[in-house]
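In: have a look at this prediction, sequence included:
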Amino acid sequence: MATESLADALARTRALLLDPETLVRAVASGRRKGLPVPRVGSREVRRVELRYVDLKAGRHLQLTSFDETQAHTANFATGEEAGGAVDALLGQPFGNWHVDTTTRTHQLRVTKRPEAVVHTTERAEPVAAERGHNREKPRLLAESDPVLAALGIADAHGRIKPTRQAKYRQVEEFLRLLDSSITDALDKGHLRRPTEDEPLRIVDLGCGNAYLTFAAQRYLTHVRGLPVRVTGVDVKQQSADHNAGVAATLGIEADFVVGAIDAAVLPEPPDVVLALHACDTATDDALARAVEWDASLVLAAPCCHHDIASQLRTAATPAPYALLTRHGILRERFADTLTDALRATILRLVGYRVDVVEFVGSEHTPRNTLLRATRTGSRGSEDASRREYDDLVATWAVTPRLAELVGIRGD
C-alpha cells in the first residue's frame, strides 16, 4: 500500500479501465468528503460498475450506474467513445475505485488532502473475463470448483446436483454480499488489509457443514487473492470432525471449534464474523460475540424470531396498532421486522454502521434478510438513536436479547 499523487493514480486507473483484454470488472463508489455526490449525466449515483461486453457491433465498455432506486446501463464502443466515458467518470468525486483484472486487483482510495492510497495485489491464479451481454450473473465459484463437489453441492462431473440448486444459489448470493462488503470496508479503511503473515481472520458461527466457511475461503483466496484464515464454530463434535475431513481433502488450512456461539474460545479475535440462519436468540449470541471481539465486519442472516414474538403475545398492544397483532400470522411477521430493526439500532449504538438487505430472493427462502454491520466506532447520532430505541421498546413493552448481551439497559 502506497500514497501517491491523485493525478498519477487516476492515470494508472484509466489505463486499466481502457484495456478491453484484461479488465474483468471495476467499481467506483463513495464520495470525497466535502464534495457533491458523483453524477452520471443528470443523475446522482452511489456506485458505478464497468466491464467489457461483446455485442454484434463489437466489444463495448458497459457502464452500469446505480442511483437510490435502480440501475441504468449504457454501452460505449472501445476507443474514443469509451475513453470519453471513462474520463467523465474519473472527473467525478468518487472516493474509491476497485479494479479487477485477469491477473491483479487494484484498489484506490482518495484521502482528504487529496492524495491517493493505492493497494495492488496479484491473483494467485489468472481469471477469465466474462464478455457475454445478455447473461445470467457470472458465477463467483464455477460449478466445477472442487470445493462444491467436496461439499456435496456438485457431482463428480462438476455439475450442480438438481436437489442442491437452492444451496448453490444461496452460497453464490452470500459470496456476492461478502465480496462487496469486504471491498467497501477495505476501501474505507474499516477493515485491516491482510498479509500472508497476518491473514484476514474469518469465523463462521453455527457453521454446521461449513458451506459458507469453505466457499468463503475458496473465493477469497483463489479468486480475490486475499490471504485468509477461516474458523468454523458449531456445537456438534460430529460437524467439526466432518468439516476437518473436508478441509484435509481439499488441502485447506482451517480451524473447527466445538462449542456454543456464546462460549466458543478462539485463539485470536476475528476480523469478520459470519452467521447464517442462526435460530432465534442464537443470532443475538452471534452479534454479541462480534461486538465483544470488536469485529470489523459482521454478516448475519437471522432465522426465526420467537423471543420478541412471544413477548408480543403476552404484552398489551399499544394504540392504535392492534390490527398489527390481532392475527397470528401478521403478529409473527411484525415480530420479525421489529426484532431486526431493534438489532440494527443496537449495533449502531455500539459503533457499527448497519444495513439491512435482502440476502437471497424470497422465491428461494422466506428467511432472506441479512444484517450487514461495519465497525466505524462512530456514535455521532447516539443520543437520537438511543431516544428512538428507548421509545420503541417502551411502546411495545419488549426487552431485546441483544440489548441484554451488550449491556444496553432500558430506561
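Out: Thanks, I have it. Numbers count the residues shown, from 1 in each chain.
In: partner strands of the helix or strand containing residue 107, parallel or antiparallel?
Out: Assigning secondary structure by DSSP states H and E places residue 107 in strand 104-110. Here strand 104-110 is paired, per DSSP bridges, with strand 96-101 (antiparallel), strand 115-122 (antiparallel).
In: turn those into CSV, including mean pLDDT and mean neighbour count.
Out: Bear in mind the C-beta positions are built from the backbone N, C-alpha and C, glycine included. CSV is the format used below for these (pLDDT from 0 to 100; neighbours: other CB atoms under 10 Å):
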stretch, mean pLDDT, mean neighbour count
strand 96-101, 93, 23
strand 115-122, 90, 16
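In: redo those strands as CSV? Include distance to residue 259.
Out: Formatted as CSV, the strands paired with strand 104-110 follow (distance: least, CB to CB, whole Å):
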stretch, distance to residue 259
strand 96-101, 36
strand 115-122, 34
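In: just the CA atoms of the strand holding residue 107, as CSV, please.
Out: In CSV, the C-alpha atoms belonging to strand 104-110 read as follows (Å, rounded to 0.1, in the frame of the first residue of the first chain):
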residue,chain,number,x,y,z
ARG,A,104,-4.5,-8.5,-10.3
THR,A,105,-6.7,-6.4,-8.0
HIS,A,106,-6.1,-2.7,-7.9
GLN,A,107,-7.7,-0.5,-5.2
LEU,A,108,-7.6,3.3,-4.9
ARG,A,109,-8.9,5.4,-2.0
VAL,A,110,-8.8,9.2,-2.1
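In: not counting that strand itself, show me its contacts.
Out: Strand 104-110 is contacted from outside by 6, 9-10, 12-13, 16, 32, 94-100, 116-123, 183, 186-189, 224-225, using CB atoms under 8 Å, 6 or more residues apart in numbering.
In: next: stretch 50-60.
Out: Residues outside stretch 50-60 that contact it (CB under 8 Å, 6+ apart): 17, 20, 23-28, 61-64, 75-78, 82, 86, 89, 129-133.
In: of these, select the buried ones using a ChimeraX command.
Out: In ChimeraX, a selection of the buried entries from the contacts of stretch 50-60 looks like this (16 or more other CB atoms under 10 Å):
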select :17,20,23,24,26,27,28,61,62,63,64,75,76,82,86,89,129,130
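In: could you tell me which of the contacts of stretch 50-60 belong to strands?
Out: Applying DSSP state E to those, the entries found in strands are 23-28, 61-64, 75-77.
In: what's the closest of those residues to residue 259?
Out: Of all the ones in strands among the contacts of stretch 50-60, residue 27 has the smallest distance to residue 259: 37.8 Å, by CB to CB.
In: which parts of this structure belong to which domain?
Out: Split into domains by automatic domain parsing, the chain comes to 2-122, 146-406.
In: what's the most buried one of these?
Out: Of the domains of the chain, the one with the most neighbours on average (mean count of other CB atoms under 10 Å) is domain 146-406, at a mean of 18.
In: ends of that domain, what's the gap?
Out: One end of domain 146-406 sits 40 Å from the other (CA to CA, to the nearest Å).
In: stretch 318-327 now?
Out: 15 Å.
In: pLDDT of it, averaged?
Out: What stretch 318-327 shows for mean pLDDT is 88.
In: same check, this time on stretch 386-397
Out: For stretch 386-397, the mean per-residue pLDDT is 90.
In: ok, and what's touching it?
Out: For stretch 386-397, contacts defined as CB under 8 Å, 6+ apart pick out 311-312, 315-316, 318, 338, 341-342, 345-346, 349, 399-400, 403, 408, 410-411.
In: what's the answer for stretch 170-187, then?
Out: Applying CB under 8 Å, 6+ apart, the contact partners of stretch 170-187 are 27, 29-30, 95-96, 98, 107, 109, 119, 137, 139-141, 153, 191, 193, 200, 211-212, 215-216, 219-220, 224, 226, 272, 274, 276, 296-297, 299, 301, 357, 359-360, 364-365, 370, 372, 374.
In: which ones among those lie within strands?
Out: Here DSSP E is the test, and the contacts of stretch 170-187 give 27, 29, 96, 98, 107, 109, 119, 200, 272, 274, 276, 297, 299, 301, 357, 370, 372, 374 as lying in strands.
In: ok, residue 105 to residue 220 distance?
Out: Residue 105 sits 11 Å away from residue 220 when distances are taken as CB to CB, to the nearest Å.
In: repeat for residue 351
Out: 25 Å.
In: and residue 323, which of the strands paired with strand 104-110 is closest to it?
Out: Comparing the strands paired with strand 104-110 by their distance to residue 323 (CB to CB), the top pick is strand 96-101, with 45.0 Å.
In: which residues touch the closest one?
Out: Strand 96-101 is contacted from outside by 13, 16-17, 19, 22-30, 105-110, 127, 183-184, 187-188, using CB under 8 Å, 6+ apart.
In: residue 182 in helix, strand or coil?
Out: Counting by DSSP: H, G, I helix; E, B strand; the rest coil, the backbone at residue 182 sits in helix.
In: right, I mislabeled it, should have said residue 339
Out: helix.
In: right, and it touches residue 304 too?
Out: No. The pair residue 339 / residue 304 is not scored as a contact, 9.6 Å apart, by CB atoms under 8 Å.
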